[in-house]
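K.L.:
Here's my sequence, what's the structure:
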Amino acid sequence: MAQSLDIDLLRSFATVAETGALSRAAERVGRSQAALSMQMKRLEDLVAQPLLRRTGRGVVLTVQGERLLVHARRILASHDDAVAELSGGRLNGTLRFGCPDDYAQAFLPALLRGFARLHPDAAIEVVCAATPRLEDRLGRGGLDLALVSVPLTAGREILRREDLVWVAPRGAAAHWPDPLPLALGDPDTLDHRAARAALDQAGRAYRIAYASGSLSGLLAVARSAQAVAVLTRAAVPPDLRILTRGSGLPALPRIGLTIRLDAAHAAPLTRAFAAHLRAILPTL
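P.N.:
Modelled structure (predicted):
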């Protein structure tokens, strides 16, 4: 007989995955660390798979744990939405949400439409900016929740992985001059640092033709064929093409998307939108 997955177990598991530490997760769910460990053991027994691996820096998900987390987020989001709707508890108020420019066009329409259907009385104010600016604004209390780009390192909650890619106009010359002209984001952004590190390691000379937090400006420079740009794959518009390894440019790393919020003091609307992001973003 198939085992049922208890909502409380899944919620605790998702919190462990988000925090990367049993101690922090225990504080968030209001249980002792020993009780939370017993919950995780029970969940592993139910699915007959190891879900967590303990390290010196906390816990990380196994491959089976990553697979369960995708389902857990969907189940929890559907459960919470059903409870809110059937109890007459539709959420209202205003949420200040930050999103990097390069993800806004690709992901925001679906995310906002889906949440509006569930909570039509809620208002979402969107701020688009580079990740360092969003994190600064969040730290100063100017945002309730932010979606940000982070390196792929152990212990982080990663909702989605994206490739950084070199892009140029369709029909642009196959070979670029030395030094290579670059159009990048602000100097403290992941795309800027990753591009320079890759070129430095490859011994390829370059010059910064454009560096700004303005995505529209970066795209304009790229479209003018005056520089090679670096974007996330999801942000590449149809009129630009991704340069392959045959272009002679070095490989760029993948980066992750995660959520930043003050979970301990988050309002119900903020928590609901965070759960919505966790459920929907990996599927887009």
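K.L.:
For the rest of this, base every contact and every neighbour count on C-alpha atoms.
P.N.:
Will do.
K.L.:
Report how many residues lie close to the closest residue to residue 205 other than its chain neighbours.
P.N.:
Leaving aside its chain neighbours, residue 205 sits nearest to residue 179 (4.7 Å; criterion: CA to CA, 6 or more residues apart in numbering). Neighbourhood size, residue 179 [other CA atoms under 10 Å]: 11.
K.L.:
And residue 179, how close does it get to residue 280?
P.N.:
42 Å (CA to CA, to the nearest Å).
K.L.:
likewise residue 57?
P.N.:
On the measure of CA to CA, residue 57 and residue 280 end up 29 Å apart.
K.L.:
now do residue 171
P.N.:
Distance from residue 171 to residue 280, by CA to CA: 35 Å.
K.L.:
got the buried residues for the longest strand along the chain?
P.N.:
Of all segments of type strand in the chain, defined using DSSP state E, the longest is strand 160-169. For strand 160-169, a neighbour-count test (16 or more other CA atoms under 10 Å) marks 161, 162, 164, 165, 166, 167, 168, 169 as buried.
K.L.:
my guess is the fourth one meets residue 235, correct?
P.N.:
Translated: residue 165. No. Counting by CA atoms under 8 Å, residue 165 does not reach residue 235; the two are 9.9 Å apart.
K.L.:
and whichever strand or helix holds residue 115, what does it pack onto?
P.N.:
In this structure, residue 115 sits in helix 101-118 according to DSSP states H and E. With contacts defined as 3 or more CA pairs under 8 Å, 6 or more residues apart in numbering; DSSP states H and E, helix 101-118 has these neighbours: strand 122-128, helix 268-280.
K.L.:
Report the rounded mean pLDDT for the one helix or strand residue 75 maps to.
P.N.:
Counting by DSSP H and E, the element that carries residue 75 is helix 63-86. Confidence for helix 63-86, expressed as mean pLDDT, is 79.
K.L.:
where's residue 97, which helix or strand?
P.N.:
With DSSP H and E as the test, residue 97 turns up in strand 93-99.
K.L.:
strands paired with that strand, and their directions?
P.N.:
Counting by DSSP bridges, the strands paired with strand 93-99 are strand 122-128 (parallel), strand 145-151 (parallel).
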